[in-house]
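Enquirer: Just a sequence and a predicted model for now, questions to come.
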Amino acid sequence: MAISKILYMKDCGSGFHGRHLKTALEYVMNPEKTRDGRLIGGINCQPDNAFEQMKATKRKFGKIDKRQGYHIILSFKEGEIDSDKAYEITRRFVEEYLGKEYEAVFCVHDNTDHIHSHTVFNSVSFVDGKKYRYEKGDWAKEIQPITNRLCEEFGLSTIDIETDKNEKHEYYHEWNEYRDGKFVWSDMIVRDLDACILQAGDFEQFLELLHDKGYEVKQGKYLAVKPPGMNRFKRCKTLGENYSEERIRERIPTEDLAFYQAMKQEIQPEIVKCYVRRYRRAKMSGIQKRYYAKLYRIGKLKKKPYSQAWKYKNDIKKMQKLQQQYLFLVRHNVHNVVELAATVDNLTGKKKEASTEKSRVYRSREKCKTIFAIADDLEELKTAENSYLNGDKFFEEEHNQWINLMSQLQQEGYSLEEVEQLKEYYREQYSIVSSKEKVVFKELNLGKSIVKDMISDNEDRTMIEDNTKNKITERTKQKQPIR
């Protein structure tokens, strides 16, 4: 039986939008929980560089803010599955549910009694830039049905999604715990609470440290916290006796680094004996020793280097080049030399058009150079002007400069907001025409390389034919009788 749950990661603001996404990836890929990384996999990205690739996708489509990613958890019934089977089920789930559109990292944690898997994926599709949208009811329509079907294929029990509300499911309590995320968040919350207790001087500072970590705190009858990405508040007292509000207040003045160091010193190391049954290696006979000595002398037993990839570097480059050339022919529907020449001529014309368009945008932008320079000077004076308006007369000179520059801008017929919009417009236009020129230039070079290779092949073929004809002529002359 596998129970699925989906969470989301919020935006952390303009300072670091993807902080929660990066933290989630680091958490799920913890080597201590994934057998030193053996239970980590990725779809449409490399796990080691997943955050950078996800960030690049967001930048490509201009969607770096708001929800950063999503977190799907599959938890399996205790004792029903091993980590390898859980990894395979998770991999197939991710391929089916996310594999066509989203970059995702999935990991299996087997460091607890309940084996469970985590899947963290980008909120932005690398295909069309659309954001993933979780609608109410998607869990029952898509996520859990896929999970149930995969569990059936592997001979595991499943959850009845349509179970009557009044009927008590056999694993309802367990399901409720996993749905609320207790098994995922508790360890992390305890770790953060201990860290804040260790650093805080009093209870108010303890609450401030929690806020700095992104926690929401609710103080009522019971102290409750909600970490970033968790849907509900968690009462601290449910984490153990040491985490009620009263106990936390008692721990803050007594616990510091020295306290923990003293605790560690109380645990004395001890030598653990381990008896291993050893087997003697069978001795070689005289003829075997002479045979192996002969193999060593002729170099048959020399250790081979770990990797031979360097030998095939040029072949790999050649293969990649041929693949690019093949895709070029497919994209442009080229079937013969005439169509290839026409395609190259067409791309040459497009390159000239793109360069001309780029030059036009550049010249238009240069005409606004004066007002752009005034806007830049105003941007530098903006902080000083705000201070002057708030009553700080120290910046009176900067204020006069601001007034002078604003009057110059008005004489040109623009407001500061209009100039900023104009700068953004030309920045976007220049980026578009530059990207267009780059794409056409790359295609043109690819077409030219195909033409060049064809000419080179024809020259080589002609040279071989000429050499063959010369050899045949010489042999014919040698065979003719002397008269």
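Expert: That came through, no problem.

Enquirer: doesn't residue 204 make contact with residue 249?
Expert: No. Applying CB atoms under 8 Å as the test, residue 249 and residue 204 come out as separate, 10.7 Å apart. C-beta here means a position set from N, CA and C on the backbone, and glycine is covered the same way.

Enquirer: more neighbours, the two?
Expert: residue 249 (14 against 9; other CB atoms under 10 Å).

Enquirer: How about the contacts made by the more buried one?
Expert: residue 203 (CB atoms under 8 Å, 6 or more residues apart in numbering).

Enquirer: for residue 234, same thing?
Expert: 185-186, 189, 224-227.

Enquirer: Take the residues you listed and lay them out in JSON lines including pLDDT and neighbour count.
Expert: Putting the contacts of residue 234 into JSON lines (pLDDT from 0 to 100; neighbours: other CB atoms under 10 Å) gives the following:
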{"residue": "185", "pLDDT": "70", "neighbour count": "19"}
{"residue": "186", "pLDDT": "78", "neighbour count": "15"}
{"residue": "189", "pLDDT": "85", "neighbour count": "22"}
{"residue": "224", "pLDDT": "91", "neighbour count": "18"}
{"residue": "225", "pLDDT": "89", "neighbour count": "23"}
{"residue": "226", "pLDDT": "86", "neighbour count": "17"}
{"residue": "227", "pLDDT": "82", "neighbour count": "19"}
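
Enquirer: In TSV, list those residues along with secondary structure and distance to residue 65.
Expert: Written out in TSV, the entries for the contacts of residue 234 read as follows (DSSP: H, G, I helix; E, B strand; the rest coil; distance: CB to CB, whole Å):
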residue	secondary structure	distance to residue 65
185	helix	25
186	helix	30
189	helix	27
224	strand	28
225	strand	25
226	strand	22
227	coil	21
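
Enquirer: Give me the distance between the residue minimising distance to the centre of the chain and residue 152.
Expert: By CA atoms, centre = their mean, the chain has its centre lying nearest to residue 50, at 2.1 Å. Residue 50 sits 30 Å away from residue 152, taking CB to CB, to the nearest Å as the criterion.

Enquirer: Please enumerate the helices of the stretch 101-250 of the chain.
Expert: Taking DSSP state H, counting those that start in this stretch as the criterion, the stretch 101-250 of the chain carries its helices at 138, 144-153, 172-179, 182-199, 203-212, 245-254.

Enquirer: Against which helices or strands is the second one packed?
Expert: Using 3 or more CB pairs under 8 Å, 6 or more residues apart in numbering; DSSP states H and E as the contact criterion, the neighbours of helix 144-153 among helices and strands are strand 2-9, helix 83-97.

Enquirer: any residues touching the longest one, and which ones?
Expert: Judged by CB under 8 Å, 6+ apart, the contacts made with helix 83-97 from elsewhere in the structure are 2, 35, 39, 41, 43, 74, 76, 81, 104, 106, 108, 110, 115-117, 119, 121, 142-143, 146-147, 150-151, 154.

Enquirer: Compare the helices of the stretch 101-250 of the chain and report which one is nearest to residue 100.
Expert: helix 144-153 (13.7 Å; CB to CB).

Enquirer: The closest one vs helix 83-97, what angle?
Expert: In terms of direction (axes from the mean of the first three to the mean of the last three CA atoms, to 10 degrees), helix 144-153 departs from helix 83-97 by 140 degrees.

Enquirer: in helix 144-153, what counts as buried?
Expert: 144, 146-148, 150-151 (16 or more other CB atoms under 10 Å).

Enquirer: likewise stretch 132-140?
Expert: Quick answer for stretch 132-140 (16+ other CB under 10 Å): 132, 139.

Enquirer: and if you look at stretch 40-59?
Expert: 40-45, 47, 50-51, 53-55, 57-58.

Enquirer: need the residues you listed in a markdown table with pLDDT, distance to residue 296 and secondary structure, can you?
Expert: As requested, the buried residues of stretch 40-59 are exported to a markdown table (pLDDT from 0 to 100; distance: CB to CB, whole Å; DSSP: H, G, I helix; E, B strand; the rest coil):
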| residue | pLDDT | distance to residue 296 | secondary structure |
| --- | --- | --- | --- |
| 40 | 90 | 41 | strand |
| 41 | 89 | 42 | strand |
| 42 | 89 | 44 | strand |
| 43 | 88 | 48 | strand |
| 44 | 86 | 49 | coil |
| 45 | 87 | 47 | coil |
| 47 | 86 | 42 | helix |
| 50 | 88 | 47 | helix |
| 51 | 89 | 50 | helix |
| 53 | 89 | 48 | helix |
| 54 | 90 | 52 | helix |
| 55 | 89 | 54 | helix |
| 57 | 89 | 55 | helix |
| 58 | 88 | 58 | helix |
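
Enquirer: now the residues you listed in JSON lines, with distance to residue 348?
Expert: Below are the buried residues of stretch 40-59 laid out as JSON lines (distance: CB to CB, whole Å):
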{"residue": "40", "distance to residue 348": "48"}
{"residue": "41", "distance to residue 348": "45"}
{"residue": "42", "distance to residue 348": "41"}
{"residue": "43", "distance to residue 348": "40"}
{"residue": "44", "distance to residue 348": "35"}
{"residue": "45", "distance to residue 348": "37"}
{"residue": "47", "distance to residue 348": "43"}
{"residue": "50", "distance to residue 348": "40"}
{"residue": "51", "distance to residue 348": "41"}
{"residue": "53", "distance to residue 348": "35"}
{"residue": "54", "distance to residue 348": "38"}
{"residue": "55", "distance to residue 348": "36"}
{"residue": "57", "distance to residue 348": "33"}
{"residue": "58", "distance to residue 348": "35"}
